[in-house]
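K.L.:
When you get a sec, could you give me coordinates for this:
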Amino acid sequence: MLDRIVAAVALALLQYLERRIERGSTAVDAAPDRERLRRGGARIREWLRENGARQRGKPGSGRP
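P.N.:
Next up is the predicted model:
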C-alpha cells in the first residue's frame, strides 16, 4: 500500500518535471509604458531631493 503511494507521488513529480522541461523557460516582456516609467522616475527624483540628495555636477566642476 505504501509502495503504491510512493510510486504515485514519484510518477506525478516526474510528469510535472517533464512538462516543465518541454515548456522551457521562455520569458515574455511586457509592453513598455513610457509615461508610467517617467512618472515613477520623477517620483524617485523628488523623493531623493526631499531626503537630502543633490544633483550631480559635471565631472571636474569642483576642481580648480
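K.L.:
So, low pLDDT: which residues of this protein?
P.N.:
Applying pLDDT under 70 to the chain picks out residues 53-64.
K.L.:
again, only this time at 80
P.N.:
Counting by pLDDT under 80, the chain contains low-confidence ranges at 23-28, 52-64.
K.L.:
continuing past the longest helix along it, what's the next helix or strand?
P.N.:
Longest helix in the chain, counting residues (DSSP state H): helix 2-23. Where DSSP states H and E defines the elements, the next helix or strand beyond helix 2-23 is helix 34-50.
K.L.:
Residue 9 and residue 44, how far apart?
P.N.:
48 Å (C-beta to C-beta, to the nearest Å). All C-beta atoms are positioned from the backbone trio N, CA, C, and that covers glycine.
K.L.:
With just CA atoms, put stretch 39-48 into PDB.
P.N.:
Extracted in PDB, the C-alpha atoms of stretch 39-48 (Å, rounded to 0.1, in the frame of the first residue of the first chain):
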ATOM      1  CA  ARG A  39       6.200  59.400 -13.500                       C
ATOM      2  CA  GLY A  40       8.000  56.800 -11.400                       C
ATOM      3  CA  GLY A  41      11.300  58.300 -12.200                       C
ATOM      4  CA  ALA A  42      10.000  61.800 -11.300                       C
ATOM      5  CA  ARG A  43       8.700  60.500  -8.000                       C
ATOM      6  CA  ILE A  44      12.000  58.900  -7.200                       C
ATOM      7  CA  ARG A  45      13.900  62.000  -8.100                       C
ATOM      8  CA  GLU A  46      11.600  64.100  -5.900                       C
ATOM      9  CA  TRP A  47      11.900  61.700  -3.000                       C
ATOM     10  CA  LEU A  48      15.700  61.800  -3.300                       C
END
